[in-house]
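predicted model, plus sequence, below.
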Amino acid sequence: DCDDTDAAVHPTAMETCNDVDDNCDGDVDEGLLGTWYADMDGDGYGDPAVQIDGCAPGEDYVDQAGDCDDGQASTHPDATEVCNERDDDCDGSVDEGVTVTYFADGDGDGYGRLDATTEACVEPPGYAVEGGDCDDGAEEVYPGASETCNDTDDNCDGVVDDSTASDALIWYADADADGYGDPASTTRACDLPTGFVADATDCDDTASTTNPAALEYCDGHDDDCDGDIDEDDAVDAPAWYLDTDTDGYGTSSVSARTCSAPSGYAALGSDCDDDNSDVHPGATEVCNDIDDDCDALIDDGDSAVSGTTTFYVDADSDGYGDPARTRQACLAPSGTVSDATDCDDGEAEVHPAATEVCNSVDDDCDGDIDDDDASITGRTTWYPDGDADGYGVDGSTTEACLEPSGYADNDADCDDSEGATYPSATEICDGEDNDCDLDVDEGVLGLSASCAAESCLEILDLGASLGDASYYLDPDGLGASLWSCDMTTDGGGWTQVVDWNRVDNADDQADFNNAFTVLFNNMDTFSNGSDHLFWQDDNGAGSANADALSVEREIPVLNGGEVLYTVEYDGVSMEQSGTWLWVEDTGTEYNLECWESKLSSAPYNSAELAEHPSYSCGNALSPRDFSWSGTVQDDLGTNLDTLRFASLHYDSCCDYSYLYQFDFWVR
């Protein structure tokens, strides 16, 4: 017991906050003391820097800290922040959310720029409470200023010279775009708006034809806006004609123009007798020697005449009229008769007094035709037609007007046992003369693989040509394929053997090798150029391995020795070299193009020389540079079976060959 004078103090007592060691453990009020903060301004919040521990707060202390200014009762965490350059609510920020935004006002007009602001509690010098100034260098420009027509947005509403401008003009709507405005529909603007005009004299702005400058028409409308409708000067005022006999037609010599009819006038003129009400343009013409309907035609001169007599047309002038074709007239018109017994008025030989002949016509108008008429003359001879194709053959004939069964009116059939064979039949590819013209398969040859020709000339000769095109040929009997045919040049009939074109078709070395059989080629360079095939030698001047190129193309097409070719070729620096183009007939050579500039066969070896023709065409004076160009046509007079092309290069570095096109045809 630490205090034997106090029965409440002993080791088992409960410690209470009373400045006494109640449980005699040597500690006073342990675990029971509170922390108290000085609150000198009495606002209920203490200064966290001034605190004590005790059982009771004591005077001027509270249990709530957080006061950031304990000398100012209006400053504490629960206070409302006001704009006073102090942290009223003790949140570490001064005047947050309570400052005023001020705008830089350079021209002092009371309105500042929106892009230059500052936050403050009191308006700083050079700033304004109101923003929105769109020109802070002009004091007369600010929101609320008076707008004027000066190409400036005076009131800063985003619109320059709008309709509120004090000096804006009044414009009038011109809805019909006639240049005249509606005085009842206006707008204000500094400049002329679209669809408006300065004029205000249009009396109908829905019609562009109505305005002070318009012409007046008789339409129940004041077209020229003069306040009068359909006055007599209207441009379309109709003419009215004096109608003395009141028959609805007036005399053309007396007229008046008004929109409405004057008394005693008619809308129609042209009365040719205004004293006779039975005579006028609407009257009926009758046979009376008077022009009743005022068309300047009297009686039969007028197609509308009535009360006429019926006459019959005699178109063939045989004296007999057509009962179906009548003419009404006062007097008999030319070409008509009173008779009506002709049964064909288009044929002068047909009438009741004519002779019946074989023509499927009732010539004598007795109702019987041709073989049914016992008086028939001039019947036809008919020929036997066994295959019923409409074409007969000479044999047992018969006479009749109409074709008897099993007969034809001709003997032109070349095979009366075949119904598909006759002169007008369609020729087909069957080895037969289908149309009896003594030619076989003409007109169809070469148009299909099953009807291939031997040459383009054969197609042309048999009339099967469709012009320049590809046709099926089988010149060697090994199968049909498409070949190009020129059916126009020099009469046509040309068959293309070679078609190689580097310039136009981009054909290359591979295409060249496909077009020809390469017999020999030891050129050091043989390659594609941009628009040519190029070859050259480069193995040393005078070398025994001087380069050579030799190709051939078989000519399987039967021909008469005519050639047509275009070979575009340049040879450069071809001293002692050469290039040749020739054709052969079973080994016999025919030179087409032959250029060489060599003096002897050296230094070419035998293998190279074996692929070239003889040198009889060359001479030492041939040019070192030469070109082949243009189209050449020649007739060698014999069937050509082989096309050959060869080139020899002797120099070591500067013999060049350029081939641009090789086009070869035979006929």
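Structure received.

quick one: the strands in the stretch 301-450 of the chain?
Remark: strands assigned in the stretch 301-450 of the chain by DSSP state E, counting those that start in this stretch are 309-313, 326-329, 336-337, 380-384, 398-400, 407-408.

ranking those by burial, who's on top?
Mean neighbour count, computed with mean count of other C-beta atoms under 10 Å, is highest for strand 407-408 among the strands of the stretch 301-450 of the chain, reaching a mean of 21. Every residue, glycine included, has its C-beta placed from N, CA and C.

show residues contacting it.
382-385, 390-392, 398 (C-beta atoms under 8 Å, 6 or more residues apart in numbering).

what is the mean pLDDT for it?
Per-residue pLDDT values across strand 407-408 average out to 92.

helix or strand right after it?
Scanning forward in sequence from strand 407-408 by DSSP states H and E, the next helix or strand is helix 456-461.

if we can go back for a sec, how about the strands of the stretch 301-450 of the chain, which one is nearest Leu242?
Leu242 lies closest to strand 326-329 among the strands of the stretch 301-450 of the chain, at 35.6 Å (C-beta to C-beta).

just the CA atoms of the closest one, as CSV, please.
Output of strand 326-329 as CSV, limited to C-alpha atoms (Å, rounded to 0.1, in the frame of the first residue of the first chain):
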residue,chain,number,x,y,z
THR,A,326,-64.0,6.2,-154.8
ARG,A,327,-63.8,9.9,-155.3
GLN,A,328,-66.6,12.2,-154.4
ALA,A,329,-66.7,15.3,-156.6
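
which other helices and strands does that strand contact?
In terms of contacts (3 or more C-beta pairs under 8 Å, 6 or more residues apart in numbering; DSSP states H and E), strand 326-329 is packed against strand 309-313.

adjacent strands (with direction) for the strand it packs on?
When pairing is defined by DSSP bridges, strand 309-313 lines up against strand 326-329 (antiparallel), strand 336-337 (antiparallel).

now the first one: how far from the chain's centre is it?
Centre-to-centre, strand 326-329 and its host chain are 61 Å apart (C-alpha atoms, centre = their mean, to the nearest Å).

tell me where the model's unsure across the stretch 51-200 of the chain.
Along the stretch 51-200 of the chain, no part satisfies pLDDT under 70.

could you do the chain as well?
Where the chain drops to pLDDT under 70, the residues are 442-443, 538-546, 596-603, 614-623, 651-653.

for it, which segments count as helices?
With helices called from DSSP state H, the chain shows them at 456-461, 502-505, 509-515, 606-609.

neighbouring contacts of the longest one?
Looking back up the chat, that one is helix 509-515. 498-500, 526-528, 533, 551, 553, 659, 662.

which of the helices of the chain is buried the deepest?
Comparing those by mean neighbour count (mean count of other C-beta under 10 Å), helix 456-461 ranks first with a mean of 24.

pull the residues that contact it.
445-446, 453, 465, 471, 473, 483, 485-487, 492-495, 557, 559, 667.

can you check stretch 389-396 too?
So stretch 389-396 is contacted by 382-386, 407-413, 416, 418-423, 425, 436 (C-beta under 8 Å, 6+ apart).

end to end, how far does that stretch reach?
17 Å (C-alpha to C-alpha, to the nearest Å).

any idea how far that stretch is from the middle of the chain?
Centre to centre, stretch against its chain (C-alpha atoms, centre = their mean), the figure for stretch 389-396 is 60 Å.

swap in stretch 525-535?
42 Å.

just the buried positions in it, please.
526, 528, 532-535 (16 or more other C-beta atoms under 10 Å).

so can I have JSON lines of the residues you listed showing distance to Gly378?
Shown next, in JSON lines, are the buried residues of stretch 525-535 (distance: C-beta to C-beta, whole Å):
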{"residue": "Phe526", "distance to Gly378": "84"}
{"residue": "Asn528", "distance to Gly378": "81"}
{"residue": "His532", "distance to Gly378": "79"}
{"residue": "Leu533", "distance to Gly378": "78"}
{"residue": "Phe534", "distance to Gly378": "84"}
{"residue": "Trp535", "distance to Gly378": "84"}
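
list the contacts of the nearest residue to Thr244 once chain neighbours are set aside.
Take Thr244 and drop its neighbours on the chain: the residue closest to it by C-beta to C-beta, 6 or more residues apart in numbering is Asp274, 4.7 Å away. By C-beta under 8 Å, 6+ apart, the residues touching Asp274 are 242-245, 249-251.

apply 6 Å and report the result again.
244-245, 251 (C-beta atoms under 6 Å, 6 or more residues apart in numbering).

same question, Asp43
Asp43 neighbours (C-beta under 6 Å, 6+ apart): 73, 76.

tally of neighbours for Arg257?
15 (other C-beta atoms under 10 Å).

actually Gly250, not the one I typed
27.

what distance do you get for the nearest residue to it once chain neighbours are set aside to Asp226?
Nearest non-adjacent residue to Gly250, counting by C-beta to C-beta, 6+ apart: Tyr241, 2.6 Å away. Counting by C-beta to C-beta, to the nearest Å, the separation of Tyr241 from Asp226 is 28 Å.

swap in Ala56?
110 Å.

before we move on, back to that, closest one to Cys259 among the helices of the chain?
helix 502-505 (77.5 Å).

in contact with Arg379, which residues are there?
Arg379 neighbours (C-beta under 6 Å, 6+ apart): 358, 399-401.

same question for Thr488.
Asp468.

what does Ser455 give?
Applying C-beta under 6 Å, 6+ apart to Ser455 gives the contacts 495, 557-558.

any figure for the gap between Asp153 and Asp162?
8 Å.

what do you get for Tyr650?
Tyr650 is 94 Å from Asp162, by C-beta to C-beta.

and for Cys83?
Taken as C-beta to C-beta, the span from Cys83 to Asp162 is 39 Å.

cool, and Asp291?
For Asp291, the distance to Asp162 - C-beta to C-beta - is 77 Å.

over to Ser317?
94 Å.

now do Leu636
Taking C-beta to C-beta, one finds Leu636 at 96 Å from Asp162.

likewise Ser185?
On the measure of C-beta to C-beta, Ser185 and Asp162 end up 19 Å apart.

the strands of the stretch 301-450 of the chain: which one's closest to Gly578?
Across the strands of the stretch 301-450 of the chain, Gly578 has its closest neighbour in strand 407-408 (70.5 Å, C-beta to C-beta).

fine by me, we can end here.
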